[in-house]
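My questions are about this predicted structure, shown below with the sequence.
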Amino acid sequence: MPWSATEVRLAQRPTGYPDDSTWEIATREVPDPDDGQIVVQVEYISIDPAMRGWLNDVRSYVPPVKIGAVMRAFGAGTVVSSQHPDFTEGDKVTGLFGVRDFALSSGKGVEKVEADAVSLPTHLGALGMPGMTAYFGLFEIGRPEPTDTVLVSAAAGAVGSVVVQLAKARGCRVIGVAGGPEKCVWLRELGCDEVIDHREGNLTKQVRAAAPDGVNVYFDNVGGDMLDAALANLAVGARIVICGAISAYNAEQLPEGPRRYMSLLVFRASMSGFVVTDYEARYLEAVTEIMRMISDGSLQARETVRTGGVAAFPEALLDIYRGTNTGKLVLKV
């Protein structure tokens, strides 16, 4: 039987924040699968800061979403029809299905997941791409040692909250940066030794007070003034992990670069970017460790679930830049 799918397509490339003119909400018929194909009913769509970058027609680690194409997105759901030897009806799966409620897939990149121990949204968060990003960014790029001071920006978000808990498990002193009292309270619950509310301003002074001996590892999800504040407070041999720069994703002009980059010279420090898919062959290592921590209670996986179905995607995407979510933001289809 064919399925009627609702999907969000890119109508035109935005300047600044995406608005209604950016998107087209359309329907299409999803046919029965041919040999080697499956149809997935998407139940949750992952909302990620990186989505804004995927809309720009520039050279990047993935090609931009094409005009007229379905918006790229990870999702989780149930196989409702299968002609693929590795999948059966009823399997819970995750994959790059796009912003739609039914997806026809070849099975490439689709993973079967267990939905009994943890919820499907967790497979898009702590056990999904954000968790993988946190794990490999911290341990491969940041290389924290026990007793190191680790500073994490956007620490109450999907990636940052996992970084905080992994660093604490490694024996590090952890400083979390977030916006607003509620998020700061949660960061203390996660074990942060110090918490900085960026809304209180003077980030350089706040970081210096929290890390009087300097920062050994800075996990950067924000860029901008926060990156400069970290650069001003490095310890000798510090490692800066460039994961993202959400403060600039919707800027209409290219923002200025770091003003304090000479701190890299003074403190013999390094600043490195990474793309998590470079570690794809090792995802099982990270999933196994994070799942162990969830099971024994040493890692909290939190999701903010937005309702409204596929049609709510444009507003949900804006939510992530407004900072309304705590933990992983997902859209319930």
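Received the coordinates, thanks.

didn't residue 8 look like it was pressed against residue 312?
No: using C-beta atoms under 8 Å, residue 8 is not in contact with residue 312, being 9.7 Å away. Placement of C-beta: from N, CA and C, glycine included.

between the two, who's got more neighbours?
residue 8 (23 against 17; other C-beta atoms under 10 Å).

Excluding sequence neighbours, find me the nearest residue to the residue nearest to the spatial centre of the chain.
Residue closest to the mean C-alpha point of the chain, counted by C-alpha atoms, centre = their mean, is residue 130 at 4.1 Å. Spatially, and ignoring its direct neighbours in sequence, residue 130 is nearest to residue 158 (3.8 Å; C-beta to C-beta, 6 or more residues apart in numbering).

surely the one you found meets residue 127?
No: in this structure, residue 158 is not within contact of residue 127 by C-beta under 8 Å, at 11.3 Å.

Those two: which is more packed in?
Neighbour count, other C-beta under 10 Å: between residue 158 and residue 127, residue 158 has more, with 32 against 26.

dump the residue contacts of the more buried one.
Listed by C-beta atoms under 8 Å, 6 or more residues apart in numbering, the contact set of residue 158 reads 48, 125-126, 130, 325, 327-329.

Cross those residues against helices and list the overlap.
residue 130 (DSSP state H).

between the contacts of residue 158, which has the most around it?
The member of those that has the most neighbours, counting by other C-beta under 10 Å, is residue 126 with 31 neighbours.

three-state assignment of the closest residue in space to it that isn't next to it in sequence?
Nearest non-adjacent residue to residue 126, counting by C-beta to C-beta, 6+ apart: residue 301, 3.8 Å away. Under DSSP: H, G, I helix; E, B strand; the rest coil, residue 301 falls in the coil class.

Equivalent analysis for residue 304, please.
Per three-state DSSP, residue 304 ends up strand.

Now it. Nearest residue, chain neighbours left out?
Distance criterion C-beta to C-beta, 6+ apart; nearest residue to residue 304, sequence neighbours excluded, is residue 325 at 4.0 Å.

So the one you found sits against residue 318, correct?
No: taking contacts as C-beta under 8 Å, residue 325 lies outside contact range of residue 318: 11.3 Å.

circling back to that earlier point, next one: the residue nearest to residue 130 from residue 327, what distance?
To residue 327, residue 158 is 6 Å away according to C-beta to C-beta, to the nearest Å.

Please enumerate the shared neighbours of those two.
Joint contacts of residue 158 and residue 327 (C-beta under 8 Å, 6+ apart) are residue 125.

For the stretch 51-200 of the chain, which segments are assigned as strands?
75-82, 92-95, 102-105, 111-112, 149-152, 173-178, 194-197 (DSSP state E, counting those that start in this stretch).

residues in contact with the last one?
Which is strand 194-197. Applying C-beta under 8 Å, 6+ apart, the contact partners of strand 194-197 are 173-181, 184, 187-188, 203, 206-207, 210-211.

Show the buried residues in those.
The neighbour count (16 or more other C-beta atoms under 10 Å) marks 173-179, 184, 187, 203, 206-207, 210-211 as buried among the contacts of strand 194-197.

Which two among these are spaced furthest apart?
173 and 179 (21.8 Å; C-beta to C-beta).

so residue 62 touches residue 54, yeah?
Yes: using C-beta under 8 Å, residue 62 is in contact with residue 54, at 6.6 Å.

Now list whatever residues contact both of the two.
Common contact partners of residue 62 and residue 54 (C-beta under 8 Å, 6+ apart): residue 72.

Out of those two, name the residue with the larger neighbour count.
Using other C-beta under 10 Å as the criterion, residue 62 and residue 54 rank with residue 54 on top: 17 against 11.

What residues sit buried inside the longest helix anywhere in the chain?
Selection of the longest helix in the chain by residue count, based on DSSP H, yields helix 283-296. Judged by neighbour count (16+ other C-beta under 10 Å), helix 283-296 contains these buried residues: 283, 286-287, 289-291, 293-294.

can you put the residues you listed in a markdown table and add distance to residue 225 and pLDDT?
Output for these, formatted as a markdown table (distance: C-beta to C-beta, whole Å; pLDDT from 0 to 100):
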| residue | distance to residue 225 | pLDDT |
| --- | --- | --- |
| 283 | 33 | 97 |
| 286 | 31 | 98 |
| 287 | 34 | 97 |
| 289 | 33 | 98 |
| 290 | 31 | 98 |
| 291 | 36 | 97 |
| 293 | 32 | 97 |
| 294 | 34 | 97 |
